[in-house]
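**Student:** Predicted model and sequence below, questions to follow.
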Amino acid sequence: MLEERSKALGVRARIADAAVDVETRTRMRDSFERGDLLTWGYGDAYADAAADPLRILERARSVICVAIPYARLAAKRVSSGSGRVSKYAWSRDYHVRVRAILDDLAAQIDAAAAQSVTAIACDTAPVAERARAARAGLAWIGKHTNAIAPGLGSYVFLGEIFCSLPLPADAPLKKSCGECRRCVEICPTGALRGDYTIDATRCIADLTQRVDAIPRALRPLLGDWVWGCDLCQEICPPTLRAGACGDAAFDPLDEGLAQPDLQRMLALRSGEYKRRYRPTAMGWRGAAVLRRNAAMALGNALDRAAIPALADALAADPHPLVRGAAAWALGRIGGPAARRALARARDAEIDETVVEEIGAASKSAAFGVEGSS
């Protein structure tokens, strides 16, 4: 029943036991101790909860792990003035679709049992979902630390159904990345260590979600990514072989979401944000974070045509996070016009963090680090 319904929904499901995953708990604690996820504030209590299915369902005996493929073909790049968005975030918020699939499967199980025997997790509670998916034989964990499902690749959303019935568990996969290091080598920030661990504080996907200033040394490495990053998955052989196997529900809501115009995003205000971005997975951090990311991408484009838009943001954006990013971008582009914009802003700015950004940017711009015409 479960397999038939999963196929009908275009997803894959496998079953793991509901025992406490001691190994994963230890690995998570080690990761937190190294500071790999420092910006998220996780600690031992999170590791304890994530490794124990009984925290979700007290009577849990089994965990049905579900993989929902979402890879869709990306449109060709339209212009140098556009940014890039990770595939998971350019469609309607994936939580809605994933939750609907989990609800459907859980309802099938409850109906077969003639009673309520399930509980669902879809980013609603601490769950070590990649480790549990590996335990169920649904996927293995790649060196990019994403789950790789055979035939589907790593562009998969994971969800879990916790069940009080002792369902027969599937066997883990005997797979690994072997000697392949493509994802490690392509990562611009060196976030991937090659030992199946990641320093998420250096990961572009995490950096673009930060609500505080992105460290200066990492800003040039963001390139044109304004939300998330797919580089390690784009180069992953099993993911390349899988192709665009996701449902059409994961197509971009519009082309502008997959490749947003950077100057338009820099000027993003509440109305457009609520209309275009709030319905997506980019909508949970607020418009200022998107404007900050757009400023960084414009700075990395090294295009002097962006100077007026950056100067306007530096002078008038209501959020210090964005004004500081605009200052940095002007300093990175350089040239007389950028220096004049920085000088004007220095006289008017009252936020200390932005003043400091302007000072650092002015020194950078003074060296004539100019972009193309």
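**Tutor:** Yes, it's here.
**Student:** Buried residues, the lengthiest helix in the chain. List them.
**Tutor:** Looking across the chain with DSSP state H, the single longest helix is helix 94-113. Within helix 94-113, the residues that count as buried by 16 or more other CB atoms under 10 Å are 94, 97-99, 101-102, 105-106, 108-109. Backbone N, C-alpha and C define where each C-beta goes, glycine included.
**Student:** Show the contacting residues for A149.
**Tutor:** Residues near A149 by CB atoms under 8 Å, 6 or more residues apart in numbering: 12, 67, 69, 133, 138-139, 156.
**Student:** Can you give the distance from the longest helix of the chain to the centre of its chain?
**Tutor:** Chain-centre distance of helix 94-113: 24 Å, with CA atoms, centre = their mean, to the nearest Å.
**Student:** Could you do stretch 242-254 as well?
**Tutor:** Here the centre of stretch 242-254 is set off from its chain's centre by 17 Å, with CA atoms, centre = their mean.
**Student:** What of stretch 343-360?
**Tutor:** On CA atoms, centre = their mean, the centre of stretch 343-360 falls 31 Å from the chain's centre.
**Student:** Over to stretch 295-312?
**Tutor:** A distance of 24 Å separates the centroid of the chain from that of stretch 295-312, by CA atoms, centre = their mean.
**Student:** got the residue ranges for the strands in the stretch 151-300 of the chain?
**Tutor:** In the stretch 151-300 of the chain, the strands defined using DSSP state E, counting those that start in this stretch lie at 156-163, 225-227.
**Student:** now for the ones you listed, which one comes closest to G41?
**Tutor:** With respect to G41, and counting by CB to CB, the nearest of the strands of the stretch 151-300 of the chain is strand 225-227 at 21.0 Å.
**Student:** Direction included, what does the closest one pair against?
**Tutor:** strand 84-85 (parallel) (DSSP bridges).
**Student:** I would like the residues contacting the strand it pairs with, please.
**Tutor:** Residues outside strand 84-85 that contact it (CB under 8 Å, 6+ apart): 223-228, 257-260, 282.
**Student:** can the strands of the stretch 151-300 of the chain go into TSV with extra columns for mean neighbour count, mean pLDDT and distance to R241?
**Tutor:** TSV is the format used below for those (neighbours: other CB atoms under 10 Å; pLDDT from 0 to 100; distance: least, CB to CB, whole Å):
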stretch	mean neighbour count	mean pLDDT	distance to R241
strand 156-163	25	98	14
strand 225-227	26	98	24
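**Student:** Same list, the ones you listed, but as a markdown table with distance to D44 please.
**Tutor:** Below are these laid out as a markdown table (distance: least, CB to CB, whole Å):
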| stretch | distance to D44 |
| --- | --- |
| strand 156-163 | 22 |
| strand 225-227 | 30 |
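**Student:** helices and strands around the host helix or strand of L330, which ones?
**Tutor:** Element membership of L330 [criterion: DSSP states H and E] is helix 320-333. Contact here means 3 or more CB pairs under 8 Å, 6 or more residues apart in numbering; DSSP states H and E; on that basis helix 320-333 packs against helix 287-301, helix 307-316, helix 336-348, helix 352-366.
**Student:** Mean neighbour count, these: which tops it?
**Tutor:** By mean neighbour count, with neighbours taken as mean count of other CB atoms under 10 Å, helix 287-301 ranks first of those at a mean of 26.
**Student:** For that one, what does the pLDDT average out to?
**Tutor:** Across helix 287-301, pLDDT averages out at 98.
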